[in-house]
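> My questions concern the predicted model and sequence given below.
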Amino acid sequence: MEFGITELLIIIIIGILFAVLYGSTITHNHWKNLGVPGPKPTPLIGNMGPLIFGQRSFVDTCNQMYMKWKKEPYFGIFNAHLPVLLVIDMNLIRQILIKDFHNFSSRGVVMNDYDPLSHNLFNIYGHKWKVLRRKITPVFTTGKIKHMIESMTECAGRFENYLFNQVSKNNVLECSSLVGKFTIDATIAFAFGVNISSIYEDNNQFEVIGKQLFKPTIWNLMKQIMSVAAPGLYKFFGLRILPEEQSDFFINFIKQTMELRERENVVRDDIIDMLIDLKKNQKDFDFELTDSFLASQAFVIFVAGYEGPLATISFALYELAVAPKIQDKVRTEIFEVLKKHNGQLSYEAINEMEYLKMVIYETLRKNPPGPLMVRKAAQDYKLPESNVILPAGTLILVPAFSIHHDEEHFPNSEFFDPERFKIDKKPSVAYIPFSDGPRSCIGVKIAIYLSAVGLISVLKHFRVSPSKFLEIPYTIEKSAFLLSASGGINLKFEPIIDEN
């Protein structure tokens with residue numbers, strides 16, 4: 001029998017489709033063979049159908065499965081063809097994050113030589129991570145944090161002026177865009193000792209970078225997922241954290257700032273000084289500290305200082321707008337403490353604002369910026385009290401958002417209740433907005449203080465309330481990997497006339 005061109009093309013297409021279909025399902029017996037329960041996967045898409053077809057966000061997709069399988073200590077899912085273990089049991093989560101941390105120090109994120117900013121403290125693991133973490137930790141001592149707060153408050157003054165200016169034009173403002181200008185300025189100031197004043201200009205280069213990184217688009221979401229689930233494909237397409245031009249800008253900025261400090265003999269006890277010290281003591285390291293490698297460590301501080309507090313402040317304002325009595329209570333505390341300190345905001349003053357801190361903690365419970373934590377097994381791992389042995393390379397997913405919204409851990413979990421975090425109450429072990437164990441966020445204290453400064457700047461001058469554009473409750477942005485409100489957080493800002 002002879003085939004024409006049309007028939008041959010049809011045969012080739014059918015062959016390709018069969019190969020793709022087979023390749024996408026060849027691993028789909030993985031969890032069944034290991035004796036791990038879980039939802040049945042679909043060819044090509046695994047268990048990510050609602051995400052892939054734009055019905056739900058990644059967080060909502062995982063949360064839906066969590067609610068169905070929460071009686072199990074863990075269950076297996078498939079991101080397309082890739083098997084992922086979603087862990088629910090708190091004892092097992094602590095085991096993975098703390099006791100057996102040595103086997104789960106990797107977040108599974110791809111690092112490439114052509115993308116120097118990918119080699120940062122968040123992504124690296126093993127020996128390099130251990131050495132760098134030990135060297136960077138002293139930057140966040142109490143004395144140095146006090147100095148950083150001085151830089152934050154200077155930026156807060158400019159932010160307050162900017163707020164009044166914006167409200168005079170339109171009293172309905174989108175919080176993320178608004179707050180992002182403050183967190184960018186404050187992070188560059190306290191971490192790198194540079195005043196960029198992005199508040200007074202549009203499209204500042206650092207603001208462009210921040211928005212580029214976290215803009216909720218399908219492409220950014222796919223790139224994030226691919227960096228963990230398909231690192232070979234990520235590398236094949238030459239994907240990067242940032243476009244090369246922006247990456248070069250950031251590396252050159254850090255390099256030039258370090259050179260200026262050394263030339264002018266300026267000491268500020270911040271991230272730049274820490275990087276200079278690392279470079280001077282290259283002999284103490286068994287790996288090379290290139291300019292780009294040092295800049296990548298600064299980059300992760302920039303990212304954490306920008307996005308974490310931005311999300312925390314924005315969601316806190318949302319919660320306070322919806323709960324005016326709580327807003328009034330925290331504002332009263334702010335006024336009382338500032339009066340005791342002659343109107344001056346300081347490290348000591350912020351520490352006296354117990355209710356404000358409770359508001360921040362509850363915001364992070366209900367709206368954790370990083371709703372899902374990923375870990376990767378370095379070696380085969382036997383799950384405690386089972387016969388299940390996870391192969392090396394297995395990805396573990398810890399669903400912080402779902403755990404924080406589980407009635408078993410936090411009764412009436414959808415209700416915003418700062419009283420959960422009273423000083424005489426011990427927070428639940430299920431509270432993990434910054435992860436837990438040795439790989440927990442190194443800048444937790446800074447994130448809390450920066451969030452506090454930003455909230456104080458708004459609440460001492462303005463009363464926030466829901467605008468007609470605000471969705472209550474908000475819908476999670478479908479194309480965002482981090483927690484983000486679809487349509488933004490649009491609030492009405494009313495100046496407080498009598499500030500007493």
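Yes, it's here.

> From now on I want contacts and neighbour counts done on CA atoms only, so please keep to that.
Fine.

> Identify, by residue count, the longest helix of the protein.
Scanning the chain for the longest helix, with DSSP state H as the assignment, gives helix 291-322.

> so what does that helix touch, helix or strand wise?
Under the contact criterion of 3 or more CA pairs under 8 Å, 6 or more residues apart in numbering; DSSP states H and E, helix 291-322 touches helix 175-192, helix 205-214, helix 244-264, helix 271-280, helix 324-340, helix 354-366, helix 444-459, strand 462-466.

> where along the stretch 351-500 of the chain do the strands fall?
Applying DSSP state E, counting those that start in this stretch to the stretch 351-500 of the chain gives strands spanning 373-376, 381-382, 389-390, 395-398, 462-466, 490-495.

> Could you export these as TSV, including distance to residue 193, mean pLDDT and mean neighbour count?
Compiled in TSV, the strands of the stretch 351-500 of the chain are given as follows (distance: least, CA to CA, whole Å; pLDDT from 0 to 100; neighbours: other CA atoms under 10 Å):
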stretch	distance to residue 193	mean pLDDT	mean neighbour count
strand 373-376	31	93	20
strand 381-382	45	96	14
strand 389-390	46	96	16
strand 395-398	36	96	23
strand 462-466	29	97	22
strand 490-495	31	96	21
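
> ok so, going back, so which of the helices and strands packed on helix 291-322 is nearest residue 235?
Distance to residue 235, taken as CA to CA, is lowest for helix 244-264 among the helices and strands packed on helix 291-322, at 14.7 Å.

> Low-confidence regions, this protein specifically.
Residues of the chain meeting the criterion pLDDT under 70: 1-26, 198-202, 423-427, 498-500.

> Give me the most central residue, it.
Nearest to the mean C-alpha position of the chain, by CA atoms, centre = their mean, lies residue 370 at 4.1 Å.

> how close does that residue get to residue 59?
10 Å (CA to CA, to the nearest Å).

> got any residues that touch both of the two?
Shared contacts of residue 370 and residue 59 (CA atoms under 8 Å, 6 or more residues apart in numbering): residue 483.

> quick one on the thing from earlier: dump the strands of the stretch 351-500 of the chain to JSON lines, plus distance to residue 290.
Below are the strands of the stretch 351-500 of the chain laid out as JSON lines (distance: least, CA to CA, whole Å):
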{"stretch": "strand 373-376", "distance to residue 290": "27"}
{"stretch": "strand 381-382", "distance to residue 290": "35"}
{"stretch": "strand 389-390", "distance to residue 290": "36"}
{"stretch": "strand 395-398", "distance to residue 290": "30"}
{"stretch": "strand 462-466", "distance to residue 290": "46"}
{"stretch": "strand 490-495", "distance to residue 290": "43"}
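
> Figure out which of these is closest to residue 132.
strand 373-376 (19.1 Å).

> helices or strands up against the closest one?
Contacts defined by 3+ CA pairs under 8 Å, 6+ apart place strand 373-376 against strand 395-398.

> Give me the distance from the strand it packs on to the chain's centre.
Computed by CA atoms, centre = their mean, to the nearest Å, the chain-centroid distance of strand 395-398 equals 16 Å.

> Listing partners with orientation, what would you give for it?
Next to strand 395-398 in the sheet, as set by DSSP bridges, lie strand 82-87 (parallel), strand 373-376 (antiparallel).

> What lies in contact with it?
Contacts with strand 395-398, where a contact means CA under 8 Å, 6+ apart, come from 83-88, 93, 108, 372-377.

> right, and the pair among the residues you listed with maximum separation?
By the measure CA to CA, 88 and 108 form the most distant pair in those, at 19.6 Å.

> picking up where we left off before, could I get the helices and strands packed on helix 291-322 in TSV, plus columns for distance to residue 221?
Shown next, in TSV, are the helices and strands packed on helix 291-322 (distance: least, CA to CA, whole Å):
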stretch	distance to residue 221
helix 175-192	19
helix 205-214	9
helix 244-264	19
helix 271-280	30
helix 324-340	34
helix 354-366	22
helix 444-459	24
strand 462-466	29
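
> quick one: which of these is nearest residue 46?
Nearest to residue 46, of all the helices and strands packed on helix 291-322, is helix 205-214, at 25.8 Å by CA to CA.

> Check which helices and strands that closest one is in contact with.
When contacts are defined as 3+ CA pairs under 8 Å, 6+ apart, helix 205-214 packs onto helix 175-192, helix 291-322.

> Can you lay out the ones you listed as JSON lines showing distance to residue 122 and mean neighbour count?
Listed next are the helices and strands packed on helix 205-214 as JSON lines, based on distance: least, CA to CA, whole Å; neighbours: other CA atoms under 10 Å:
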{"stretch": "helix 175-192", "distance to residue 122": "17", "mean neighbour count": "24"}
{"stretch": "helix 291-322", "distance to residue 122": "7", "mean neighbour count": "23"}
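
> Nearest to residue 470, out of those?
Of these, nearest to residue 470 by CA to CA is helix 291-322, at 9.0 Å.

> so that closest one versus helix 205-214, what angle?
80 degrees (axes from the mean of the first three to the mean of the last three CA atoms, to 10 degrees).

> ok, now how distant is residue 251 from residue 83?
As judged by CA to CA, residue 251 and residue 83 stand 36 Å apart.

> just the helices in the stretch 101-250 of the chain please.
126-136, 142-169, 175-192, 205-214, 218-229, 231-236, 244-264 (DSSP state H, counting those that start in this stretch).

> and the angle from the third one to helix 291-322?
Right, the one you point to is helix 175-192. Using the same axes, to 10 degrees: helix 175-192 against helix 291-322 is 140 degrees.

> Show me what helix 175-192 is packed up against.
For helix 175-192, the packing partners by 3+ CA pairs under 8 Å, 6+ apart come out as helix 142-169, helix 205-214, helix 271-280, helix 291-322, helix 444-459.

> Tell me which of these lies nearest to residue 128.
Where these are weighed against each other on CA to CA, the nearest is helix 291-322, at 11.4 Å.

> What residues does residue 429 make contact with?
Applying CA under 8 Å, 6+ apart to residue 429 gives the contacts residue 90.

> give me phi/psi at it?
phi -70, psi -10 (degrees, to the nearest 10).
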